[in-house]
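Colleague: Structure of the sequence below:
(2 chains)
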Amino acid sequence: MNRSAVDNVSRSRRALLRAGLAAGAGLVLGVRLPVRAQTAGPGRTGAATAAPPFAPNAFVRIGRDNTVSVVSKHLEMGQGVHTGLATLVAEELDAAWSQVRVEGAPADVTRYANTMWGPFQGTGGSSSIANSWDQLREAGAAARAMLVGAAAARWKVPPESIRVAAGVVSHASGRKATFGELAEAAAALPVPANVRLKNPKDYVYIGKHVPRTDAKAKANGSALYTQDLKLPGMLTALVAHPPRFGARPRRVDASALRGIPGVRSVLEMPRGVAVLATSFWAAKKARDALVVEWNETGLWRGSTAGQMADYRKLAATPGRPARTDGDAAQAIAAAARSLEATYEFPYLAHAAMEPMNCVMRLSADRCEVWTGAQSQTTDQSAVAEVLGLKPEQVTIHMLHAGGSFGRRANPHADYLVECAEIVGRLAKAGTRDVPVKLLWTREDDMRAGYYRPAFVHALKAGLDGNGAITGWQHRLVGQSIMAGTAFEKFLVKDGVDETSVEGAATLPYAIPAIAVELHTPRVDVPVQWWRSVGSTHTAFSTECFVDELAVAAGRDPVTLRRSLLAKHPRHLAALELAAARAGWGTPLPSGRPGEKRGRGVAVHESFGTVVAQVAEVTVRADASYSVDRVVCVVECGLAVNPDNVRAQMEGGIVYGLSAATSGAITFKDGQVEQSNVHDYPILRMPEMPRIEVHIVPSTAKPTGVGEPATPVIAPAVANALAAATGQRLRRMPLRLA
Amino acid sequence: MPVLFVNQERVDVAASVPGDTPLLWVLRDSLDLTGAKYGCGMAQCGACTVHVDGQPVRACQTPLASLKPGAEITTIEGLASREGKALQTAWEKVDVSQCGFCQPGQIMSAAALLASNKRPTDADIDAAMAGNLCRCGTYQRIRAAIREAAKTLG
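Modeller: This next block holds a predicted model:
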């Protein structure tokens, strides 16, 4: 079988978009370059975008040319969802992988809602495969049943006698047909109300290896990202953002822009000053030449040091209860001994490789948007509101996203609103139908807000004479992500934002008395979900504190966890396998003279998936350290694509490791101190540990894998550093003294 | 009019193009070669890596005026060397890419490495690739794909 499938968000669409593009838009004269990928790339010219003869539901399109197009309601941002959704369809359709391609769904909540989120289209919470598991398999099975029905009618044989395998419909009599040959006849049949799904023992794709649909386009440069989109007459917009959140332009001096060729307009906006030009470089030079005086009256001018001091004071006082099992305070007071620890977490930037961007074109009664959207429903209504349109008058064309990690699901659609304000302004000035590409520079991306919130966690626990934990008190202090968003009414209850305490309020350990309390200070720093949300901090404080208690009680960290997880078989399975594969309990090979080595463990559930990790570290004489090896075990139900599960574990660990070793957005006088990857470092290849991923076998429904590896690595590393040095690090990022 | 050769095609750059324009934006905005990406704008992430006269350079920090007349520029779209093809095949085989945004730059850096070092050690790979960030964390697979490509090149 030719195992290749094609991702359609690539040059094929670019070629279509370019049709009609006049040649003279560039700054360079002379020979027009043949773009190799236009003829030799993976793109085929739009068969899938033309009306196909057979579209039995919102997710499957079968063309006369025998292509099977799977419509992805979820954003492909690296997590492999295009491949995953196509796998579910192809499995039940019995398609050949080579005939499968994927295209992004438009924004349309009536057809493409996330089935776990109610009437809302969006990608997040590691829910894509979990919420599509039945829906996409049923979509494939329905299409298959109709193809079989069409063949049965054509060949005058009972449908039960027809076989479908690898894209071929056949009968024992020797008759055969491709999907393409049957597509039109199948389209005339009624869509079956009920379909029978395969017995898992018959799976040919699910649980096996299929290559990613976007692998080729991403290796030859033809995969199309928002940054790459070019439309006829398009202008590039850059925005001068204020130095402090919420500042508005008071006076704008654009006189220095005279003489910069290609600059078309300067627009004073509610939250910044936009410059439109015919190229990025012209827009960049113009923006940098703007002189803007900002109105900063009454704005936050705090600093990280002051903010954390305030948080620590708050942590000493009772907060809103998020979980109350028994009387934890009393249990701790009565304990033979008690332990306290405070953990601190800075703000974090998502820092996706592709800085935020979008393209919009506003016509008389419609706004078209091109972007990689994680929350189509939010984006559609936010853009509509700015422009005085109805949400259905906003079309969103989905492109690949160069990472996101939550950022492209902004609850206020921040950069989309910015672009909508620009095209709205242009329209008021009489300019419509001009596509505008808003590009944020890396500095905009890092400084314009929306961070994982800073937190302080104060923990206390009591140990009895046998070293058993009798009481556990956990206080968290940090901004609410959900406050002020459309999700507040669902996710904030009695003053407790569930996403602030997830992983803490859901502590799995069998402890007789547990109190989890939350303080939610208001700070004028925009915050947002960041890969694994609350677990980014709760996994660290809980898993480090359990480790501290193990040391205090003289118990092995794995043994102690095991004794507390008897009622959590998935946690136990992950923990045991991680310990076994890591050689827990056997001595680590020693380092070079002057080096110390250590091993640390952590286990945590997020988004319905349990991950256990064992990290091995080497600490050098100068207090620098390396993470050498990570053994990662994931319990995620049935692994639809095991290699992609491994990839997400690897990537999730690296993402968490960047935060653990160096990630921090800090403030001075209300201003972000970092600006680019030189002062907000991202893990580089020489720092990459060897990662081994093991998947706990399971036949349960799949749970998510995009996020759950991320929160586990920092506590595993901190515990390993403590094991190596005796030094307990309680402030992220982890720096040894 | 400065003359460049981009993916073996002659390009005459108009005198009106400012000399401070980074090569990256000449490629992207003027020549529609968008495989090289903008990631940081300060030569720190490697997403914009292309070859100039066979050497990997960060196109975001390479002003047009700094290029020698007749400079030969290769982008991911024009990568046709044996090493390049072997790397692209290996990239697919290992399923390296996640979001994929950094991968053209990674492959261009790796192609330059293999062109000068047929049998790179892991340390050689780390050193050659240290300037290329991948936020999705595909480094382990990048290493594996480079080793795989080196193997197929014999």
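
Colleague: The stretch 351-500 of chain A against chain B: which residues are in contact?
Modeller: When proximity is defined as CB under 8 Å from any CB of the partner chain, the stretch 351-500 of chain A approaches chain B at A:351-355, A:400-405, A:439, A:441-443. Where C-beta positions appear, they are placed from N, C-alpha and C, glycine not excepted.

Colleague: contacting residues around A:Val109?
Modeller: A:Val109 makes contacts with A:Pro119, A:Phe120, A:Gln121, A:Gln376, A:Thr377, as judged by CB atoms under 8 Å, 6 or more residues apart in numbering or on different chains.

Colleague: same thing with A:Pro261?
Modeller: Taking CB under 8 Å, 6+ apart as the criterion, A:Pro261 is in contact with A:Ala282, B:Ser16, B:Pro18.

Colleague: Point out the least confident one among these.
Modeller: Going through the contacts of A:Pro261 one by one, the lowest pLDDT turns up at B:Ser16, 83.

Colleague: ok, and the closest non-adjacent residue to A:Ala215?
Modeller: In space, and not counting its chain neighbours, A:Ala215 is closest to B:Glu92: 4.5 Å by CB to CB, 6 or more residues apart in numbering or on different chains.

Colleague: ok so, going back, now, the contacts of A:Val109 that are in helices?
Modeller: In helices, judged by DSSP state H, the following of the contacts of A:Val109 are found: A:Gln376, A:Thr377.

Colleague: out of the contacts of A:Val109, which is most surrounded?
Modeller: The member of the contacts of A:Val109 surrounded by the most neighbours (other CB atoms under 10 Å in any protein chain shown) is A:Gln376, with 31 neighbours in all.

Colleague: what's the pLDDT at that one?
Modeller: As predicted, A:Gln376 sits at a pLDDT of 97.

Colleague: List the contacts of the spatially closest residue to it that is not a sequence neighbour.
Modeller: If the residues on either side of it in the chain are set aside, A:Gln376 comes closest to A:Ala107, at 3.6 Å by CB to CB, 6+ apart. Listed by CB under 8 Å, 6+ apart, the contact set of A:Ala107 reads A:Gln121, A:Ala373, A:Gln376, A:Thr377, A:Asp379, A:Gln380, A:Val394, A:Thr395, A:Ile396.

Colleague: Turn the residues you listed into CSV, including distance to A:Thr609.
Modeller: Output for these, formatted as CSV (distance: CB to CB, whole Å):
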residue, distance to A:Thr609
A:Gln121, 23
A:Ala373, 24
A:Gln376, 24
A:Thr377, 25
A:Asp379, 27
A:Gln380, 30
A:Val394, 34
A:Thr395, 34
A:Ile396, 29
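
Colleague: what's the closest of those to chain B?
Modeller: For chain B, the nearest member of the contacts of A:Ala107 is A:Ala373. The distance, counting by CB to the nearest CB, is 14.5 Å.

Colleague: ok, now which ones touch that closest one?
Modeller: A:Ala373 sits in contact with A:Leu75, A:Ala107, A:Asp379, A:Ile396, A:Met398, A:Arg408, A:Leu416, where contact means CB under 8 Å, 6+ apart.

Colleague: quick revisit: which of the contacts of A:Pro261 fall within helices?
Modeller: Using DSSP H, the subset of these located in helices is A:Ala282.

Colleague: May I ask you to name the longest helix in chain A?
Modeller: For chain A, assigning by DSSP H, the longest helix comes out as helix A:128-155.

Colleague: tell me the centre residue of chain A?
Modeller: Using CA atoms, centre = their mean, the residue of chain A that lies closest to the mean C-alpha position is A:Phe405, 3.2 Å off.

Colleague: where along chain B do the strands fall?
Modeller: Counting by DSSP state E, the segments of chain B that form strands are B:3-6, B:9-12, B:49-52, B:55-58, B:72-74.

Colleague: Would you reformat the ones you listed as TSV and include distance to A:Ala113 and mean pLDDT?
Modeller: Converted to TSV, these look like this (distance: least, CB to CB, whole Å; pLDDT from 0 to 100):
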stretch	distance to A:Ala113	mean pLDDT
strand B:3-6	45	95
strand B:9-12	47	95
strand B:49-52	40	98
strand B:55-58	43	98
strand B:72-74	45	98
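
Colleague: Which of the ones you listed sits closest to chain A?
Modeller: Ranking those by distance to chain A, with CB to the nearest CB as the measure, places strand B:9-12 first at 3.4 Å.

Colleague: Quickly check: the closest one near chain A or not.
Modeller: Yes - Strand B:9-12 comes into contact with chain A (CB under 8 Å from any CB), by way of B:Glu9, B:Arg10, B:Val11, B:Asp12.

Colleague: Give me the buried positions along that strand.
Modeller: B:Val11 (16 or more other CB atoms under 10 Å in any protein chain shown).

Colleague: Between all of the residues of strand B:9-12 next to chain A, which two are separated the most?
Modeller: Put simply, by CB to CB the two of these set farthest apart are B:Glu9 and B:Asp12, 10.7 Å from each other.

Colleague: Excluding chain neighbours, what is closest to residue 56?
Modeller: As the question left the chain open, I've gone with chain A. The nearest residue in space to A:Pro56 (CB to CB, 6+ apart) is A:Ala143, at 4.8 Å.

Colleague: that's the wrong chain, I meant chain B
Modeller: Counting by CB to CB, 6+ apart, the residue nearest B:Pro56 is B:Ala112, at 4.1 Å.

Colleague: That neighbour contacts B:Asp53, correct?
Modeller: No - the pair formed by B:Ala112 and B:Asp53 falls short of the contact definition of CB atoms under 8 Å, at 11.0 Å.

Colleague: Of those two, give the one with the bigger neighbour count.
Modeller: In terms of neighbours (other CB under 10 Å), B:Ala112 is the more surrounded of B:Ala112 and B:Asp53; the figures are 22 against 13.

Colleague: check contacts around that one.
Modeller: Remark: with contacts taken as CB under 8 Å, 6+ apart, B:Ala112 is in contact with B:His51, B:Gly54, B:Gln55, B:Pro56, B:Ala128.

Colleague: Can you give the domain ranges for chain B?
Modeller: Chain B breaks down into these structural domains: B:3-78, B:82-153 (assignment by automatic domain parsing).

Colleague: Any idea how far apart the tips of the first one sit?
Modeller: This means domain B:3-78. Its first and final residues considered, domain B:3-78 spans 18 Å by CA to CA, to the nearest Å.

Colleague: How far does that domain sit from its chain's centre?
Modeller: Between the centre of domain B:3-78 and the centre of its host chain there is 10 Å, according to CA atoms, centre = their mean, to the nearest Å.

Colleague: cool, stretch A:238-251 as well?
Modeller: In terms of CA atoms, centre = their mean, the gap separating the centre of stretch A:238-251 from the centre of its chain is 28 Å.

Colleague: Establish whether it and chain B are in contact.
Modeller: No - taking CB under 8 Å from any CB as the criterion, stretch A:238-251 and chain B are apart, separated by no less than 11.5 Å.

Colleague: start to end distance for that stretch?
Modeller: Counting by CA to CA, the terminal residues of stretch A:238-251 are separated by 18 Å.

Colleague: Can you get me a residue count around the closest residue to B:Gly46 other than its chain neighbours?
Modeller: The shortest distance from B:Gly46 to any residue other than its chain neighbours is 3.4 Å, reached at B:Asn132 (CB to CB, 6+ apart). A count of neighbours around B:Asn132, defined by other CB under 10 Å, yields 25.

Colleague: Spit out the contact partners of the residue nearest to the centre of chain A.
Modeller: Going by CB under 8 Å, 6+ apart, A:Phe405 touches A:Met77, A:His350, A:Ala352, A:Trp530, A:Arg531, A:Tyr655, B:Arg135.

Colleague: secondary structure class for the fourth one?
Modeller: Here A:Trp530 takes the coil state, with states given by DSSP: H, G, I helix; E, B strand; the rest coil.
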